[in-house]
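Asker: let's see this in three dimensions:
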Amino acid sequence: MRVFITGSSGHVGSAVVAELVSAGHEVVGLARSDASAAKVEALGAEARRGDLDDLEGLREAASAADGVIHLAFKHEAMMSGDYETAIKDDLTVVRVLGEALAGTGKPLVTTSGTAMLAGAGLGRAITEEDTLESGPRIESENTVIGFAERGVRSSIVRLPPTVHGPLDRHGFVKMLVETARAKGISGYVGDGANRWPAVQTTDAARLYRLAWESAPAGSRLHAVDDEGVPLRRIAEVIGRRLGVPVAPIADEAAPAHFGFLAPIVAADNPTSSARTRKLLDWAPELPRLLADLELDHYFAVAAV
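Answerer: Have a look, this model is predicted:
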């Protein structure tokens with residue numbers, strides 16, 4: 001089957017491409033640059049040059065495929081503080097991809113995050129059935145689910161804040177490590193009891209493949225292995241591995257210390273994946289977050 005993937009050269013996307021190719025699928029990956037195209041082709045996929053602003057190109061590629069996996073997001077805009085534009089453009093792309101597949105019964109798998117529901121005040125672990133009417137990226141998620149009523153086998157994969165492993169070059173765990181290295185303190189906010197769910201990248205990639213192959217229309221799925229790891233425990237491992245002290249960061253100092261990551265560092269986001277595991281027979285197999293942090297890949301310093 002022919003799969004069109006956005007974000008195909010990124011952290012999670014490259015693992016999804018490799019997973020699909022190894023399963024015998026034909027993969028076409030969106031690539032913004034020659035370097036990205038070369039990376040996609042090295043994984044055994046076909047590179048299609050373009051970006052998220054090329055809406056006609058996205059529509060054409062989606063229409064020519066047997067289904068779509070949408071992973072790309074304007075992370076540069078988000079990290080520069082223009083999150084609103086990144087969210088708005090993601091919604092536009094989701095609508096274009098859904099319209100291209102409407103009435104075909106083909107799969108559309110897109111990406112959201114468990115952290116989007118962290119502020120819902122549920123007082124328990126978030127489940128796949130939990131939804132919100134509005135909020136950052138929530139409208140995109142709800143739009144994708146709505147395409148199930150228009151003849152698209154649509155599904156959402158909610159990623160946790162911590163998608164970890166050797167492929168992680170710019171994710172939140174890597175940011176915590178680099179912040180601790182730069183500041184000389186491995187920090188957390190408050191008492192550090194707030195929890196982050198987590199999953200290893202390759203385990204997440206397998207869930208994307210299963211969703212594309214067989215998720216029922218209108219499915220919300222959780223790519224979660226660790227239901228919730230306390231931030232203080234993460235900070236303690238990072239501090240020990242780097243040889244720096246572990247200490248709380250005051251609320252008022254968190255933005256300066258953690259940058260745009262500050263609200264996420266303070267979030268309590270325990271998340272269940274029980275329904276996802278049962279629905280798609282998905283069972284994570286690779287090291288969990290704290291075990292992964294005991295390996296060397298997050299702490300190796302690149303040669304100058």
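Asker: got any ranges where this structure has weak pLDDT?
Answerer: The chain contains residues with pLDDT under 70 at 77-80, 301-304.
Asker: now do the strands in it.
Answerer: In the chain, strands defined by DSSP state E lie at 2-6, 26-31, 46-49, 68-70, 107-113, 153-159, 162-164, 186-189, 195-200, 219-222, 226-230, 246-249, listed in chain order.
Asker: looking at these, spot the one closest to residue 139.
Answerer: The closest of these to residue 139 is strand 107-113. By CB to CB, the value is 10.4 Å. Glycine gets a C-beta too; all of them are placed from N, C-alpha and C.
Asker: now do that closest one against strand 2-6, angle only.
Answerer: 30 degrees (axes from the mean of the first three to the mean of the last three CA atoms, to 10 degrees).
Asker: returning to what we had before: any chance of TSV for the strands of the chain, columns mean neighbour count?
Answerer: Listed next are the strands of the chain as TSV, based on neighbours: other CB atoms under 10 Å:
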stretch	mean neighbour count
strand 2-6	25
strand 26-31	23
strand 46-49	18
strand 68-70	28
strand 107-113	25
strand 153-159	26
strand 162-164	28
strand 186-189	25
strand 195-200	27
strand 219-222	24
strand 226-230	20
strand 246-249	18
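Asker: can you list the ones you listed in a markdown table and add distance to residue 95?
Answerer: Converted to a markdown table, the strands of the chain look like this (distance: least, CB to CB, whole Å):
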| stretch | distance to residue 95 |
| --- | --- |
| strand 2-6 | 14 |
| strand 26-31 | 17 |
| strand 46-49 | 20 |
| strand 68-70 | 11 |
| strand 107-113 | 11 |
| strand 153-159 | 12 |
| strand 162-164 | 25 |
| strand 186-189 | 36 |
| strand 195-200 | 28 |
| strand 219-222 | 18 |
| strand 226-230 | 33 |
| strand 246-249 | 40 |
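Asker: of those, which is nearest residue 14?
Answerer: strand 26-31 (8.7 Å).
Asker: which residues touch the closest one?
Answerer: 1-9, 13, 17, 20-21, 37, 39-40, 43-51, 58, 61, 65, 72 (CB atoms under 8 Å, 6 or more residues apart in numbering).
Asker: how about 6 Å then?
Answerer: For strand 26-31, the external contacting residues (CB atoms under 6 Å, 6 or more residues apart in numbering) are 2-6, 8, 17, 20-21, 37, 40, 45-50.
Asker: what pairs with that strand, and is each one parallel or antiparallel?
Answerer: strand 2-6 (parallel), strand 46-49 (parallel) (DSSP bridges).
Asker: closest one to residue 211 among those?
Answerer: By CB to CB (comparing all of these), the closest turns out to be strand 2-6, at 11.5 Å.
Asker: run the chain-centre distance for the closest one.
Answerer: 17 Å (CA atoms, centre = their mean, to the nearest Å).
Asker: do the same with stretch 236-243
Answerer: 25 Å.
Asker: likewise for stretch 128-142?
Answerer: Mean-position distance between stretch 128-142 and its chain equals 15 Å (CA atoms, centre = their mean).
Asker: just the buried positions in it, please.
Answerer: 128, 130, 136-142 (16 or more other CB atoms under 10 Å).
Asker: how far away is the closest residue in space to residue 141 that isn't next to it in sequence from residue 189?
Answerer: The shortest distance from residue 141 to any non-neighbouring residue, by CB to CB, 6 or more residues apart in numbering, is to residue 112 (4.4 Å). Distance from residue 112 to residue 189, counting by CB to CB, to the nearest Å: 24 Å.
Asker: is it true that residue 4 touches residue 66?
Answerer: No. With contacts counted by CB atoms under 6 Å, residue 4 stays clear of residue 66, the gap being 8.6 Å.
Asker: how much distance is there from stretch 149-158 to the middle of the chain?
Answerer: 17 Å.
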